[in-house]
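Chemist: Sharing a model prediction with you, sequence too.
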Amino acid sequence: MISILDSGAGNLASVHLAPLAVAPATTRKAFFALDFDGVICDSAAETGASAWKAAERFWPGRFPSPAPTEYIQAFRAARPYLETGYQAIPFIKMLRDGLPPQALATGLDERINAVFAEIGQDKTSMVQAFGDTRDQWIKANLDDWISWHDIYPGVLEALQKVLAGGQHLRILTTKQERFVSAILSAHGVNFPADYIWGLERQESKEDQLARLLANGDNDVYFIEDRLETLRRVEARDDLRAVRLYYADWGYGTPGHLAAANADDRITVLSLSDFPRFLAGLA
């Protein structure tokens, strides 16, 4: 594994945006709300590997470590359909049973509930197992765990500049906050813990964005690689002031990219533009 992705690896078609460097009025600062997985960090391989380790708790003998490469690759193909981390456990179970990754694009809730019912478990137990598995991996070998995460090129430097400039910034993620902190710290970014809003908050990203607006942060720029999340923000009248950006380097599909390009309220952002985008608004 490597710690920095090759700039061309795994990207969908890039869309370069001419007007990105237009900054808001100098008396106001932009407030950046960034997704983590798929915007800052490519954690697909680690998520699949952690899911494989956690699955051994529920299906002993079927998921011996290390996870075979073909299942990590299958999980990466299925990653665009994952909504939050704990679902990776039923994902890897279904892939292990032979379900094609593309099949997870439909009927997801029903499929996951069927896996839960099979072993008498629920979301709470899966969240606990997923977090415990990661904690044990980190405790046993932090460097190995970190090595399974790839940081997108140019992103760390952009974050450091925004933080140094005193910009308003939050990471909105379905990941547990301690894992985000560990990854950023390992890559030399001293990211304030209070700026990471994760799974523990039990809030949707829409509600978190509403909280930012309620605090008077009107220039909110939300950057997310999950089209469905952006669509949920679009559907709320109280979030009309939020400016929406689709990260085309994340875990989307060509269909998601096409839909984002066709949406008048969403701007498609490419990885090569992302650091310039943050700098232009800082």
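Modeler: Looks like it arrived, so ask away. Numbering: from 1, shown residues only.

Chemist: Dig out what the spatially most central residue of the chain forms beta bridges with.
Modeler: With distances taken as CA atoms, centre = their mean, Asp37 lies nearest the centre of the chain, 2.3 Å away. Going by DSSP bridges, Asp37 is paired in beta bridges with Cys41.

Chemist: I figured it hits Thr173, correct?
Modeler: Yes - judged on CB atoms under 8 Å, Asp37 makes contact with Thr173 at a distance of 6.7 Å. Backbone N, C-alpha and C define where each C-beta goes, glycine included.

Chemist: who are the neighbours in contact with the residue nearest to the centre of the chain?
Modeler: Neighbour list for Asp37: Ser43, Ala44, Thr47, Thr173, Thr174, Lys175, Asp225, Gly250, Tyr251 [criterion: CB atoms under 8 Å, 6 or more residues apart in numbering].

Chemist: quick one: which of those is nearest to Arg96?
Modeler: Among the contacts of Asp37, Thr47 lies closest to Arg96 (CB to CB), at 15.1 Å.

Chemist: and Gly280, what pLDDT?
Modeler: Looking at Gly280, its pLDDT stands at 74.

Chemist: Report the buried residues of the helix or strand it falls within.
Modeler: Element membership for Gly280 (DSSP states H and E) is helix 274-281. Across helix 274-281, burial judged by 16 or more other CB atoms under 10 Å covers Phe274, Pro275, Phe277, Leu278, Ala279, Leu281.

Chemist: One more: stretch 131-145?
Modeler: Buried-residue list, stretch 131-145, by 16+ other CB under 10 Å: Gly131, Thr133, Arg134, Trp137, Ile138, Trp145.

Chemist: Would you list the phi and psi of the third one?
Modeler: In other words, Arg134. Reported as degrees, to the nearest 10, the phi and psi values for Arg134 are phi -60, psi -40.

Chemist: My read is that it contacts Trp145, right?
Modeler: Yes - using CB under 8 Å, Arg134 is in contact with Trp145, at 7.3 Å.

Chemist: ok now the strand or helix carrying Glu228, how far from the chain's centre?
Modeler: With elements taken from DSSP H and E, the one containing Glu228 is helix 227-234. Put simply, helix 227-234 sits 14 Å off its chain's centre (CA atoms, centre = their mean, to the nearest Å).

Chemist: Sheet partners, orientation included, of whichever helix or strand comes after it?
Modeler: Following helix 227-234 in sequence order, the next helix or strand is strand 243-247 (DSSP H and E). As defined by DSSP bridges, the strand partners of strand 243-247 come to strand 220-224 (parallel), strand 266-269 (parallel).

Chemist: Quick one: closest of these to Tyr81.
Modeler: Taking those one by one with CB to CB, strand 220-224 is closest: 15.5 Å.

Chemist: pLDDT on the closest one, on average?
Modeler: The model assigns strand 220-224 a mean pLDDT of 96.

Chemist: which residues touch it?
Modeler: For strand 220-224, contacts defined as CB under 8 Å, 6+ apart pick out 30-35, 39, 172, 205, 209, 212-213, 230, 233, 241-247, 269, 274, 281.

Chemist: Buried subset of those residues, written for PyMOL?
Modeler: In PyMOL, a selection of the buried entries from those looks like this (16+ other CB under 10 Å):
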select buried, resi 30+31+32+33+34+35+39+172+205+209+212+213+230+233+242+243+244+245+246+247+269+274+281
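
Chemist: That's all I had, so thanks and see you.
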